[in-house]
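S.K.: Take this sequence and fold it.
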Amino acid sequence: MHLNLRRGFLELFVLVILTIVASYFLQRMRAEPLPTRIPSEAWTIESSAVWVSPSRAVDLYNKGNLLFVDIREEESFREGHIPGAINLPVSRLRELYDTFLPWAQGQRLCLYGEVENAADLDEALLELEDLGHTALTAFPYGWDAWVHHGGKIESGADGVLEPAWEEYEGDESEEYGGDESEEDAEEAR
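M.R.: Next comes the predicted model:
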């Protein structure tokens, strides 16, 4: 009896080891490996946006069905981004929204950032929902997954938004002809 029990444990141990090894190789062979780096907060995204996998995001890009919105900071965007993407850093979303709006009207938006900053993605999605956007897609796997899955990339400033207006930081009388002196008024006549 004792020998049968020991043999049963040995068989169970071998079976567990074989299952682990098989799982590892199946994961490596998948066309789209299961995510292994998504932080736990990514799974609690509160937005009603549709999630897309890396391969699905690349397919949608190739079909031209989405406007990709990069929520990373401008420096990261300039270093590399999805071609045609608009840079709308979550830290400046409200500030740049008026400039962003013409790009976004009538478009299905796909927001992406860094997988480590899933909370930023959720914040941007909720913010855009509050502003009335309903056609939202989330790519929570981020920029690194896009590159890893062979998505097209570019670098540079194309897609960087500037505020719709900027405050003038000079002397109003210089630029706008504010308070003219009496001598200037005489000369003008």
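S.K.: C-alpha from now on. contacts and neighbour counts both.
M.R.: OK.
S.K.: that's a strand at Glu95, yeah?
M.R.: No. Applying DSSP: H, G, I helix; E, B strand; the rest coil, one finds Glu95 to be helix, outside a strand.
S.K.: what are the bridge partners for the residue nearest the centre of the chain, then?
M.R.: Centroid-nearest residue in the chain: Tyr112, 1.5 Å away (criterion: CA atoms, centre = their mean). Beta-bridge pairing of Tyr112 under DSSP bridges involves Asp70, Phe139.
S.K.: wouldn't it be in contact with Glu73 here?
M.R.: No. Using CA atoms under 8 Å, Tyr112 makes no contact with Glu73, being 11.7 Å away.
S.K.: For the residue lying closest to Leu67 once chain neighbours are set aside, give its distance to Ile20.
M.R.: Once flanking residues are discounted, Leu67 sits nearest to Leu109: 4.9 Å by CA to CA, 6 or more residues apart in numbering. Separation of Leu109 from Ile20 (CA to CA, to the nearest Å) stands at 39 Å.
S.K.: who's more crowded, the two?
M.R.: Per other CA atoms under 10 Å, whichever of Leu109 and Ile20 has more neighbours is Leu109, with 23 against 12.
S.K.: Over to the more buried one: give its phi and psi.
M.R.: phi -100, psi 140 (degrees, to the nearest 10).
S.K.: Give me the neighbour count for Phe13.
M.R.: Phe13 has 12 neighbouring residues, counting by other CA under 10 Å.
S.K.: My reading is that it is in a strand; is that accurate?
M.R.: No. Applying three-state DSSP, one finds Phe13 to be helix, outside a strand.
S.K.: In the protein, where is pLDDT below threshold?
M.R.: By pLDDT under 70, the low-scoring segments of the chain are 1-3, 5, 26-45, 165-189.
S.K.: one more time with 50
M.R.: 40-41, 168, 171-180, 185, 188-189 (pLDDT under 50).
S.K.: Break down it into its helices, ranges please.
M.R.: 2-29, 54-63, 74-79, 93-104, 118-130, 142-148, 172-176, 182-188 (DSSP state H).
S.K.: Of those, which is nearest Val160?
M.R.: The closest approach between Val160 and any of the helices of the chain, judged by CA to CA, belongs to helix 74-79 at 7.1 Å.
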